[in-house]
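A.B. asks: Please find the sequence and the predicted model below.
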Amino acid sequence: MSDVAASRYSVGIDLGTTHCVLSYLPLGEERATPKIFPIQQLSRPGAVEALPQLPSFSYQPHEAEINSEACVLPWSSSSASLTGTIARTLGSKTPIRLVASAKSWLCHGGVDRRANILPFGSQEEVQKISPLAASCQYLAHLCAAWDHQFPASPLKEQDVTVTIPASFDPVARELTAEAAKHVGFQHLTLLEEPMSAVYSWVNACGDDWRSQVSVGDIILVVDIGGGTTDLSLVAVAEEDGNLSLNRIA
């Protein structure tokens, strides 16, 4: 199917603490299965690779550290900061210039999440960005990579679901939505990660999931992530004669 014919997709984005992943599903296509989108990124200076994950790292290189010609992406000729695999690699050698765990900072109630504080504790000469700006940067990279692959179906026009931890406070939720809107997403849904896992299980089981649970059952969802481990409880209830799933803790 051509890009023009498949002009609408359902897109899921895991904006993770250590990795970002994008999956997609053509709408209106029977028996379609989700696919993982290969994300083009710099794996090392001058080398672009399409990888299944975008490491959630941003690197602020020194002006004399790397040649700008070695930072060219298919959709951009230059960048003030580096994102993904190359950022993680360079940052392992010079961690003071590496932005990491922006998602954890985004839900840190003890700091100004709009302030330019990352890399935290770095010297004044290192350009800093906010946890919000880092989230925007990762989403912008995903958007640019998608648009380069599907120019007739811009990501901002697709049905996009971004998963968030159940532990996110209202501010972190709003900032995530703000980052997505800043990139330009027009059809955005925020979905708690435990419910995303449950829906994935339901989809894998098909109609058989109803025979595996009963009203009153409690499903324990264990989410072992790159920055945190979350435990959530999802209750099996009945609404209008049908089974329903609701997170209770």
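C.D. replies: Good, I have the coordinates.

A.B. asks: what about S135, distance to S244?
C.D. replies: For S135, the distance to S244 (Cβ to Cβ, to the nearest Å) stands at 32 Å. Using the backbone N, CA and C atoms, a C-beta is placed for each residue, glycine as well.

A.B. asks: neighbour-wise, which of the two wins?
C.D. replies: Taking neighbours as other Cβ atoms under 10 Å, S135 and S244 compare with S135 leading, 28 against 11.

A.B. asks: quick one: the more buried one is in a helix?
C.D. replies: Yes. Counting by DSSP: H, G, I helix; E, B strand; the rest coil, S135 falls inside a helix.

A.B. asks: who's in contact with it?
C.D. replies: 15, 102-103, 106, 175-176, 179 (Cβ atoms under 8 Å, 6 or more residues apart in numbering).

A.B. asks: Next one, pLDDT for it please.
C.D. replies: Note for S135: predicted pLDDT of 97.

A.B. asks: now do D3
C.D. replies: pLDDT, D3: 44.

A.B. asks: Beta-bridge partners for the residue lying closest to S167 once chain neighbours are set aside, please?
C.D. replies: Once flanking residues are discounted, S167 sits nearest to D230: 5.8 Å by Cβ to Cβ, 6 or more residues apart in numbering. The bridge-partner assignment for D230, based on DSSP bridges, gives D223.

A.B. asks: D230: how many residues sit nearby?
C.D. replies: Neighbour number of D230 under other Cβ under 10 Å is 15.

A.B. asks: Going forward, the N-terminal residue is numbered 40.
C.D. replies: Okay, residue one is now 40; in that scheme the one you just asked about reads as D269.

A.B. asks: still on that earlier bit, looking at the contacts of S174, which are in strands?
C.D. replies: L54 (DSSP state E).

A.B. asks: sorry, back to before: the residue nearest to S206 is in contact with D262, isn't it?
C.D. replies: Yes. Between D269 and D262 a contact is recorded at 4.4 Å, counting by Cβ atoms under 8 Å.

A.B. asks: Touching both of those two, which residues are there?
C.D. replies: 204, 232-233.

A.B. asks: returning to what we had before: quick one, what contacts the residue nearest to S206?
C.D. replies: Contacts of D269 by Cβ under 8 Å, 6+ apart are 204-206, 232-233, 260-262.

A.B. asks: Please pick the buried ones from these.
C.D. replies: Listed as buried from the contacts of D269 are 204-205, 232-233, 260, 262; burial here means 16 or more other Cβ atoms under 10 Å.

A.B. asks: Looking at those residues, which are in helices?
C.D. replies: Secondary structure defined by DSSP state H assigns 232-233 of these to helices.

A.B. asks: Identify the farthest-apart pair in the buried ones among the contacts of D269.
C.D. replies: P204 and V260 (11.6 Å; Cβ to Cβ).

A.B. asks: Filter the contacts of S174 down to the buried ones, ChimeraX style.
C.D. replies: Only the buried entries of these go into this ChimeraX selection, using 16+ other Cβ under 10 Å:
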select :54,141,142,145,214,215,218
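
A.B. asks: Please name the residues that touch the nearest residue to V111 once chain neighbours are set aside.
C.D. replies: Counting by Cβ to Cβ, 6+ apart, the nearest residue to V111 once its immediate chain neighbours are dropped is S117, at 7.4 Å. By Cβ under 8 Å, 6+ apart, S117 lies in contact with 107, 110-111.
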